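Q: next comes the sequence, and after it the predicted model I'd like to discuss.
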Amino acid sequence: MFVSYGNSFRIEFDNGYKVSVAWRNGNYANIESRNDDGSFIASTAEVAVFGPNNKMVDLTEDSPVLGYQTPEEVLQILNRAAAGNF
């Protein structure tokens, strides 16, 4: 399932894992510019993963959120969540 929230989205996998990807003011993302419609263009994004129990998965020792992730890094996180590898 895909869910959109403006300058962010969430993907929900059949195994219960959910990945949130966000890029807007206030997120850990490199905002490059802003479109006339108010949307942001970013080179990196903030990522969070929620487990099947809907609790955030610790992605580092200090935080459940990873900031400044490149598109390739976001893809790796999506693949891990799809495989339930957290």
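A: Cool, got the structure. All figures in this text were calculated on a predicted structure; none of them were measured in a lab.
Q: run the chain-centre distance for the helix or strand Ile77 falls within.
A: Assessed by DSSP states H and E, Ile77 sits inside helix 71-83. Between the centre of helix 71-83 and the centre of its chain there are 9 Å (CA atoms, centre = their mean, to the nearest Å).
Q: same deal with stretch 14-32?
A: 3 Å.
Q: before we move on, what about stretch 37-51?
A: Worked out by CA atoms, centre = their mean, stretch 37-51 lies 6 Å from the chain centre.
Q: most remote residue from the protein's center?
A: Asp36 (23.8 Å; CA atoms, centre = their mean).
Q: what residues are up against the most centrally placed residue in the chain?
A: Centroid-nearest residue in the chain: Val21, 2.2 Å away (criterion: CA atoms, centre = their mean). Contacts for Val21 (CB atoms under 8 Å, 6 or more residues apart in numbering) come out as Ser8, Phe9, Arg10, Ile11, Ala45, Glu46, Val47, Gln69, Val74. Glycine gets a C-beta too; all of them are placed from N, C-alpha and C.
Q: just those: which are in strands?
A: Those of these mapping onto strands are Ser8, Phe9, Arg10, Ile11, Ala45, Glu46, Val47, Gln69, per DSSP state E.
Q: so among these, which ones count as buried?
A: Neighbour counting over the ones in strands among the contacts of Val21 (16 or more other CB atoms under 10 Å) leaves Ser8, Arg10, Ala45, Glu46, Val47, Gln69 as the buried ones.
Q: name the nearest of these relative to Asn27.
A: Glu46 (4.2 Å; CB to CB).
Q: so the closest one makes contact with Gly67?
A: Yes - counting by CB atoms under 8 Å, Gly67 is a contact partner of Glu46 at 5.0 Å.
Q: residues shared between the contacts of these two?
A: Here Glu46 and Gly67 share the contacting residues Asn27, Tyr28, Ala29, scored by CB under 8 Å, 6+ apart.
Q: pull out the buried residues from the helix or strand bottoming out on mean pLDDT in the chain.
A: Every helix and strand of the chain was ranked by mean pLDDT, DSSP states H and E. The lowest is strand 2-4, at a mean of 78. The neighbour-count check on strand 2-4 (16+ other CB under 10 Å) flags nothing as buried.
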